[in-house]
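Undergrad: Build me a model from this:
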Amino acid sequence: KEWLMMKKINVGVFPCEAENAYELYRSLQYAVRFNVIGLASKVEHCKFEYREIYDGLPYVFEDDFLSSFIDALIAKKIEYIFPTHDSVAEYLKEVEDKLPAKVLCSPFHTAVLCRDKEKLYRFLRNEDFCPEVYALENLVFPSFAKPKIGQGGNFCQFLQSEEDMKLLTRSLDDMLFCEYLPGIELTVDCFTDRKGRLLYAGARTRDVIKQGIAYSSRSYPLSDEIMNILLKLNSSLVLRGLWFCQIKKDACGAWKLLEVSTRIATTMNLTRHKGINLPLLACYDALGYDLDILDNPFLVRISRSLQTKYELSFDYRTVYLDLDDTLIVNGAVNIKMIAFVYQCVNKGKTVVLLTKHEGDVEEYLKKYKIDTALFAKIIHIPDDEKKSLYYEDEKGILIDNLYVERKEALKCGLAVFDVDAIDALLETF
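TA: The predicted model follows:
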């Protein structure tokens, strides 16, 4: 009860138009203490993910960004900010003393060090897990070229010979040339509390990578060698809150560091589904709480595919819903359809169950544990009557598996949906 009475703390996410920003929202959307607000320079897919967005901000490199950003933080009463891009983390930490909110990531000098791999490798050059870096005049093949400042594997190139240098699309001055690491690659999600203690580390594979995101990933056991790398990073760098690093095995099977980042990673959702919600922990750490980690012993594997959202050009007040083969399909409750019914209840829309079911409708619903109170009306229609006789709301829609019913409803001015089209009506907030 005390928790429920506490004022909600507004947490901003900038930029919120990115995959890892969507994961941040999903991590905090049900947290009772926090309200998540997206901050955006442009709004595209994020409007389908976030309940609340402040848009129209200048880009971070524009002259009027800082003043506009401060105005947004004040207008939305935002107390904490999660940066979702490495350059944004670096910039916001640099100007944090001018902001009316706290930036939830590692300190400025750590963000600078982690943003530039050349600086990071130079800082860690005496560590055996630091990869070998080649000067152009001493380049060894095979080797690996990557931008000094970059992310997501963009502009990286495997170099097998001098001829491959022609494939580089960035200036040589912007590139770092490192030893080629042929082994398995891992991302390790970590959390360091306000006292500098490494409270959590969890490794995951990067089995299928597209556009820098792991589309297939699984939990991976931490070895003593990996833990020693993490503890060294935690003691050498000044880290705070959530962070991650990527490591890869060299030709001899030893782990080498690829990068360290002070922002959220998209695939931290794997860690979250093991029971460790790193963004939520970061919020409580910022509030000064002493934290405890509950790490489930089971392993998790995730597989991604493209996710589609829909925006319809009309609104509706009433849903006319069929029962057989629509709400109940193949002898089971259609999970998406019942979720949509509850969505309608939450949004104050009317749901009318229209059915020609053979038998007692209420007993049938009871069999499937569906409460009749979900529906404003339950209309049991005789076989010889048309459903169109019962359409009373011109701003209604019909969801029905039968083509003939949808055709008739469309003539009556209703929008119509088959069972497979429910995704266009479902929200995911």
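
Undergrad: Now Tyr80: closest residue in space, sequence neighbours ignored.
TA: Nearest non-adjacent residue to Tyr80, counting by Cβ to Cβ, 6 or more residues apart in numbering: Val11, 4.7 Å away. For the C-beta atoms, the positions are set from N, CA and C on the backbone; glycine is no exception.

Undergrad: and that neighbour, that's in a helix?
TA: No: Val11: not assigned to a helix; according to DSSP: H, G, I helix; E, B strand; the rest coil it is strand.

Undergrad: ok, now which ones touch it?
TA: Applying Cβ atoms under 8 Å, 6 or more residues apart in numbering to Val11 gives the contacts 28, 34-37, 78-82, 283.

Undergrad: out of the residues you listed, who's nearest Asp423?
TA: Each of these was scored against Asp423 by Cβ to Cβ, and Val36 proved nearest at 23.4 Å.

Undergrad: Now do Cys252: how many residues are near it, please.
TA: Cys252: 7 surrounding residues under other Cβ atoms under 10 Å.

Undergrad: Check His85 too.
TA: Neighbour count for His85, taken as other Cβ under 10 Å: 19.

Undergrad: Test my guess that it contacts Arg263.
TA: Yes: under the criterion of Cβ atoms under 8 Å, His85 makes contact with Arg263 at 6.7 Å.

Undergrad: that older thread, filter the contacts of Val11 down to just the ones in strands.
TA: 34-37, 78-82 (DSSP state E).

Undergrad: roughly how far apart are Gly183 and Val260?
TA: Distance check for Gly183 against Val260: by Cβ to Cβ, to the nearest Å, it reads 19 Å.

Undergrad: Comparing these two, which shows the higher neighbour count?
TA: Legend: neighbour count by other Cβ under 10 Å for Gly183 and Val260, higher for Val260 (23 against 15).

Undergrad: element containing the more buried one?
TA: Of the helices and strands defined by DSSP states H and E, Val260 is found in strand 255-261.

Undergrad: Could you pull out the helices in the stretch 301-429 of the chain for me?
TA: 335-346, 361-367, 403-411 (DSSP state H, counting those that start in this stretch).

Undergrad: related to what we said a few turns ago, from the chain's centre, how far out does the strand holding Val260 sit?
TA: The chain centroid and the centroid of strand 255-261 are separated by 22 Å under Cα atoms, centre = their mean, to the nearest Å.

Undergrad: ok, what's across the strand from the residue nearest to Tyr80?
TA: Beta bridges link Val11 to Val36, Tyr80, judged by DSSP bridges.

Undergrad: And it, how close does it get to Ile78?
TA: The spacing between Val11 and Ile78, counted by Cβ to Cβ, is 7 Å.
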